[in-house]
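[1] Got a predicted model here, sequence first, then my questions.
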Amino acid sequence: MTRLNTCNDDIGRESATESDTALLDVLTSPRWQGVQKFSRRDAALDPLLLAVAASAGARTTRNHYHHDFFPGAQADAVARSKRAAEDTNKPQERKRMSYVSKQGPRRLRLQPTISPQPAIASQAISLAGSSPISSIEVKCMARTRIPTPHGPAFLHLYHNNRDNKEHLAIVVDPAQYSDDTSVLAPPIRSRSLDAVWSDDETDMDRIIRGAYVGKLSATSQHPSRPSLHQPSPTTSIPSPLVRIHSECFTGETVGSMRCDCGEQLDEAIHLISQPISLPDNVSPNSRSMPGRGAVIYLKQEGRGIGLLSKIRAYNLQDLGHDTVTANLMLGHQADERGYEIAIAILRDLGLGSELGEGVRLLTNNPDKVQALEKEGLRVAERVPMVPRSWRHRSHSQADAGEAQLGKAAGVTMIGGEAVRGEDLDKYLRTKILRMGHMLPLYLAGEQAAS
């Protein structure tokens, strides 16, 4: 046994040659014996490879090399530990790293931008006023003539800096077709449309977007010019009729009789198109003038909750809830509509402002009247909109009224007909009792008793 151990010791001593010992001293020495120049770690003779070859161990990694075999890294580690020990007594302040974005806030980046206008254009579309609503900017992007069953009208399409929706204005003003300059009332025109949009725009550019006067045809092409001064209104003639109407796909397009929205839109254009009686001292040659006014058509379906929530609210109404309770059960308010954009459009058309004409507002909703008056628009009169079926409640007039209304054409699916039914009566009753709409409660028989 002793001889065997002696042989093993001899083998161990013979395996460790002088060259191996020198190499091990070089690689493990705390101080570099050669030139103070550290070669690249990816050099041909990488010290890590030499260390791995010398140790022949499977546990040697680049991490071991970095901390143990590389003298420079070890020296730096020692220096860092000394500095840390010296700064132990000093209060340590954690440096906060903040990221500063070069982009604007999301709420600003998502807002639609209106192209900058020249000085003339900015004067034309300025919405003067001290209220927050005056910061809303609207711009009429296009205007065209549309023939309707009630007469010609001008359709205006607006963009704004509040939302991405395309709101509309249906302007009834037949006097604009006439070449007669002796009109009794100023034309209802958009100041932003007639403004100069760019220095290099042509007359055809203005005509294509609708900035023209008279009736446009192949032989009549007269571009409009920006008007910096609002014409003074004539107080002797009635103010134009104005209706602020919210979009209703179900009532206007499908012909749903759950509401009277389609009927109201048709009735509004019909009433605005009616001739206006004039006093004797205004025009001795004529006792009337063409009807004039506008319907501001806002894209706020279902009193502002959207079409999806509106359809779900209909299902809740079928379960026995009214239109107000259904909205509240879905997490919405009873009425989420806003009229700020409508007010800005009216100002752009020169209606209701201090420099323009007052308006006769077609509505049963007191909130609309208060919204306009709060922002300084002059409401000369509120004109109620009584449902057609309520105007023909008596049995003696029902047949004649239905026959007369059935023959009239209209601008919606309902047309000139009257909306009627149990769903409509419940809807109107809720608007009167729970939303404060100003209408007489014309309900007969069991409905009135209930």
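    In hand now; what should we look at?
[2] Could you give the bridge partners of the nearest residue to Asp203 once chain neighbours are set aside?
    Of all residues not flanking Asp203 in the chain, Pro223 sits nearest, at 4.4 Å (Cβ to Cβ, 6 or more residues apart in numbering). For glycine as for every other residue, the C-beta is placed from the backbone atoms N, C-alpha and C. Per DSSP bridges, the residues bridged to Pro223 are Tyr212.
[3] could I get stretch 374-381 in PDB with only the CA atoms?
    What follows is stretch 374-381 as a C-alpha-only set of coordinates in PDB (Å, rounded to 0.1, in the frame of the first residue of the first chain):
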ATOM      1  CA  LYS A 374     -76.200  81.000 -22.000                       C
ATOM      2  CA  GLU A 375     -73.700  81.500 -24.800                       C
ATOM      3  CA  GLY A 376     -75.100  84.900 -25.900                       C
ATOM      4  CA  LEU A 377     -77.200  83.800 -28.900                       C
ATOM      5  CA  ARG A 378     -80.500  85.700 -29.200                       C
ATOM      6  CA  VAL A 379     -83.500  83.400 -29.100                       C
ATOM      7  CA  ALA A 380     -86.400  85.700 -30.300                       C
ATOM      8  CA  GLU A 381     -89.100  83.000 -29.900                       C
END
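[4] Could you give the average pLDDT over it?
    Mean pLDDT, stretch 374-381: 89.
[5] One more: stretch 18-29?
    Averaging pLDDT along stretch 18-29 yields 73.
[6] go on, stretch 320-333?
    Taken as a whole, stretch 320-333 carries a mean pLDDT of 92.
[7] Please report how far the residue nearest to Asp203 lies from Ser309.
    Pro223 is 44 Å from Ser309, where distance means Cβ to Cβ, to the nearest Å.
[8] in the stretch 201-350 of the chain, which spans are strands?
    241-246, 276-277, 288-289, 293-298 (DSSP state E, counting those that start in this stretch).
[9] With mean pLDDT, distance to His392 and mean neighbour count added, can I get the ones you listed in a markdown table?
    Below are these laid out as a markdown table (pLDDT from 0 to 100; distance: least, Cβ to Cβ, whole Å; neighbours: other Cβ atoms under 10 Å):
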| stretch | mean pLDDT | distance to His392 | mean neighbour count |
| --- | --- | --- | --- |
| strand 241-246 | 95 | 22 | 24 |
| strand 276-277 | 86 | 25 | 14 |
| strand 288-289 | 83 | 27 | 15 |
| strand 293-298 | 96 | 24 | 24 |
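[10] elements contacting the helix or strand where Leu23 lies?
    Per DSSP states H and E, Leu23 falls inside helix 18-28. Using 3 or more Cβ pairs under 8 Å, 6 or more residues apart in numbering; DSSP states H and E as the contact test, the elements touching helix 18-28 are helix 47-55.
[11] Spit out the contact partners of the closest residue in space to Tyr427 that isn't next to it in sequence.
    Distances taken as Cβ to Cβ, 6+ apart place Cys259 nearest to Tyr427, at 5.5 Å, with adjacent residues excluded. Going by Cβ atoms under 8 Å, 6 or more residues apart in numbering, Cys259 touches 248, 250-251, 419, 424, 427.
[12] taking those residues one by one, which sit in helices?
    When DSSP state H is applied, the contacts of Cys259 are split such that 424, 427 fall in helices.
[13] Closest one to Tyr314 out of the contacts of Cys259, please.
    Thr250 (8.1 Å; Cβ to Cβ).
[14] Pull the number of nearby residues for the nearest residue to the closest one once chain neighbours are set aside.
    Of all residues not flanking Thr250 in the chain, Ser256 sits nearest, at 4.0 Å (Cβ to Cβ, 6+ apart). Ser256 has 20 neighbouring residues, counting by other Cβ atoms under 10 Å.
[15] Find me the pLDDT at Ser256, would you?
    Reading off the model, Ser256 has pLDDT 90.
[16] How about the one 3 residues further on?
    What the model reports for Cys259 is a pLDDT of 90.
[17] can you check Glu446 too?
    Note on Glu446: pLDDT of 42.
[18] Okay, Thr250 and Asp163: tell me how far apart.
    22 Å.
[19] the more surrounded of these two?
    Using other Cβ under 10 Å, the more surrounded residue of Thr250 and Asp163 is Thr250, with 20 against 14.
[20] Quick check: that one touching Asp260?
    No: Thr250 is beyond contact range of Asp260, at 11.6 Å (criterion: Cβ atoms under 8 Å).
[21] The nearest residue to Val242 once chain neighbours are set aside: neighbour count?
    For Val242, ignoring the flanking residues on the chain, the nearest one in space by Cβ to Cβ, 6+ apart is Val359 at 4.2 Å. Val359 sits with 27 neighbouring residues when counted by other Cβ under 10 Å.
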